[in-house]
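K.L.:
sequence-free structure coming up:
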């Protein structure tokens with residue numbers, strides 16, 4: 001069932017329940033009012049007779065049908081000024097005839113245990129509403145009227161209310177469907193736009209946003225998602241293009257060296273000197289190492305963009321210490337560290353790779369006998385991590401570009417590396433809500449400063 005149909009059914013059911021409840025309440029109130037009016041009329045008739053009972057008793061006295069069993073005086077008027085049926089029972093006895101029945105409630109009035117009684121009684125297959133009123137010490141008056149007119153009125157009212165309920169439910173279903181269609185029209189438009197994007201794969205298609213309601217927010221969220229996907233696709237395309245460009249040079253060099261070796265092996269008359277063969281093998285090893293490093297850095301860069309690692313509360317001091325241990329196993333450059341407890345919410349694996357890239361970069365630029373310094377500070381809402389080397393430093397023109405992918409300054413081109421290490425650092429820092437800068441150290445080397453928000 002479609003959402004439009006479900007909303008129509010829900011609206012119809014809601015209105016039907018409300019209409020049935022209101023109709024039932026109205027029926028009960030009308031029924032109560034009709035009975036109240038009938039009882040009031042019978043009370044008035046009884047009081048009229050009670051005012052002058054002798055006058056009414058003299059009009060048409062009827063003797064009891066069973067005088068031996070029920071001695072007393074009984075008077076009945078089938079037609080007259082007061083109601084269809086009424087009778088007066090004297091204090092001398094109780095009449096038992098087929099006119100109006102003598103019930104327990106009537107006996108209670110006769111015996112003085114009650115002043116008045118109201119009840120519905122059957123007489124000759126007909127329902128009568130009967131009021132019994134005591135005449136002080138002179139007897140009791142019974143006045144009754146058939147309920148057929150009242151019941152007919154109630155049946156007609158019930159029929160009208162039932163028809164009204166059915167009509168209201170049908171009208172509610174129609175109106176609910178119209179309202180649902182009108183209300184869901186923006187959803188249908190949004191669905192069409194999203195399906196178009198999915199079919200054409202055109203992420204540049206903007207979804208129109210109208211108003212400021214929930215649908216508009218949803219459309220805005222879709223536009224934001226499309227913008228993020230567009231940026232991600234552009235970043236992937238740039239990464240692939242840059243990676244292809246960077247891989248072309250080492251692959252070309254590797255291919256050239258391999259071809260030289262193959263030709264030398266294939267031509268017996270052309271024998272490579274041992275020194276040249278050793279140099280070629282060393283070049284091949286260097287190029288394989290560079291390709292491996294470049295591939296690893298590309299994997300790290302891609303992993304940081306879509307990492308499944310969950311953020312958690314970590315102590316950055318532990319992360320930095322682990323990265324220093326790994327860096328010391330990869331370089332002979334001494335690393336001095338001054339660490340303090342610094343808690344933040346982040347991805348420990350990504351943070352460790354970030355610190356390791358900073359250390360690798362510092363070790364690469366450190367001269368013989370140089371040292372790398374690592375300092376971690378925590379204060380207030382910010383954590384500061386600095387990595388300092390004793391190398392030549394970073395030129396002012398390169399300080400903003402060193403964090404770009406595959407960017408290598410003129411001095412860096414003579415050094416091993418791919419230009420991705422600091423790009424990974426910048427990406428990880430940005431994902432953790434921080435900032436990274438490249439500065440010149442007081443002693444002349446490079447100082448890389450990372451600022452991250454603390455957990456506090």
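P.N.:
Arrived safely. Small disclaimer: the values here were computed from a predicted structure and weren't measured.
K.L.:
Do you have the helices of the stretch 251-400 of the chain handy? List them.
P.N.:
With DSSP state H, counting those that start in this stretch as the definition, the stretch 251-400 of the chain shows helices at residue ranges 274-305, 316-328, 348-365.
K.L.:
is it possible to export those to CSV including mean pLDDT?
P.N.:
CSV is the format used below for the helices of the stretch 251-400 of the chain (pLDDT from 0 to 100):
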stretch, mean pLDDT
helix 274-305, 74
helix 316-328, 93
helix 348-365, 89
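K.L.:
average model confidence for the helix or strand that residue 225 is a member of?
P.N.:
Element membership for residue 225 (DSSP states H and E) is helix 214-266. Mean pLDDT, helix 214-266: 77.
K.L.:
which strands and helices sit next to it?
P.N.:
In terms of contacts (3 or more Cβ pairs under 8 Å, 6 or more residues apart in numbering; DSSP states H and E), helix 214-266 is packed against helix 148-200, helix 274-305. Placement of C-beta: from N, CA and C, glycine included.
K.L.:
Give me the distance from the shortest one to the chain's centre.
P.N.:
Chain-centre distance of helix 274-305: 50 Å, with Cα atoms, centre = their mean, to the nearest Å.
K.L.:
Between helix 214-266 and it, find me the angle.
P.N.:
Calculated by axes from the mean of the first three to the mean of the last three Cα atoms, to 10 degrees, helix 274-305 forms an angle of 170 degrees with helix 214-266.
K.L.:
just the angle between helix 274-305 and helix 348-365, please?
P.N.:
Going by the same axes, to 10 degrees, helix 274-305 makes 150 degrees with helix 348-365.
K.L.:
Compute the number of surrounding residues for residue 366.
P.N.:
22 (other Cβ atoms under 10 Å).
K.L.:
And residue 369, by the same measure?
P.N.:
8.
K.L.:
Relative to residue 330, how far out is it?
P.N.:
Here the criterion is Cβ to Cβ, to the nearest Å. By it, residue 369 lies 18 Å from residue 330.
K.L.:
Show me the domain layout of this protein.
P.N.:
Recorded structural domains for the chain (assignment: automatic domain parsing) are 3-153, 200-232, 243-300, 307-453.
K.L.:
of those domains, which approaches residue 183 most closely?
P.N.:
In terms of Cβ to Cβ, the element of the domains of the chain nearest to residue 183 is domain 3-153, at 7.7 Å.
K.L.:
Now the terminal residues of that closest one, how far apart.
P.N.:
Domain 3-153 has an end-to-end distance of 43 Å (Cα to Cα, to the nearest Å).
K.L.:
shouldn't residue 291 be in contact with residue 253?
P.N.:
No. Checked against Cβ atoms under 8 Å, the pair residue 291 and residue 253 is beyond contact range at 10.0 Å.
K.L.:
Assumed residue 402 was part of a helix.
P.N.:
No. Going by DSSP: H, G, I helix; E, B strand; the rest coil, the assignment for residue 402 is coil, not a helix.
K.L.:
what residues are up against the nearest residue to residue 168 once chain neighbours are set aside?
P.N.:
Closest residue to residue 168 apart from its sequence neighbours, by Cβ to Cβ, 6 or more residues apart in numbering: residue 19 at 4.2 Å. For residue 19, the contact set (Cβ atoms under 8 Å, 6 or more residues apart in numbering) comprises 164, 165, 168, 169.
K.L.:
Next up, phi/psi of residue 19, please.
P.N.:
Dihedral pair for residue 19: phi -70, psi -40, per degrees, to the nearest 10.
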